[in-house]
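*Asks:* Mind folding the following:
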Amino acid sequence: MAQPTNETGIAAVVAPAVTVDHALASKQQSTREAIDDGIIMARLRARLMADVVTRTYVIQVESFHDALVLSGYVELATVRIRALALARELAGGKEVKDALETRE
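*Replies:* Numbers count the residues shown, from 1 in each chain. All right, here's what the predicted structure looks like:
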C-alpha cells in the first residue's frame, strides 16, 4: 500500500485524531488513590475472612475513589449488617455501598 505524499514527494504520516473524553479522564485514579484503595480492600477482605459471622461467605470488595462496594450473596440479614459494619469501620471517610443480596 502506497503512503500519501506531500508536494515535495516526502511520505506524509497520517495520524488518527485523538480526542479526550473529559468525563472519563475525571474518573481515573491517581497512583496514590489506587494504592490506598488496594490497602483498604485488602484489610477489609482480611477482616471479613477472620470474622466469625462473615467468614463462610464470599463477599467481594471493590473500591474506587471515595466508595467501597460490597457485593455477593449472604443467607441472613445479620451477615449483611455485620459485613457493612466492618466496612464502615475501615472506610476512612469513604462511602460504603451495599450491593449484597440476601437469600433467606
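*Asks:* what comes up buried for the helix or strand containing K97?
*Replies:* Per DSSP states H and E, K97 falls inside strand 95-102. Within strand 95-102, the residues scored as buried using 16 or more other CB atoms under 10 Å are V96, L100. Every C-beta, even on glycine, is put in place using the N, C-alpha and C of the backbone.
*Asks:* From the chain's centroid, how far away is it?
*Replies:* Its chain's C-alpha centre and that of strand 95-102 lie 14 Å apart, by CA atoms, centre = their mean, to the nearest Å.
*Asks:* likewise stretch 53-69?
*Replies:* Distance of stretch 53-69 from the chain centroid (CA atoms, centre = their mean) equals 10 Å.
*Asks:* Tell me the buried residues in that stretch?
*Replies:* Under the neighbour-count criterion of 16+ other CB under 10 Å, stretch 53-69 has V53, T54, Y57, I59, V61, S63, L68, V69 buried.
*Asks:* just to revisit the earlier point, helices or strands next to the strand holding K97 in the packing?
*Replies:* When contacts are defined as 3 or more CB pairs under 8 Å, 6 or more residues apart in numbering; DSSP states H and E, strand 95-102 sits against strand 67-74, helix 77-90.
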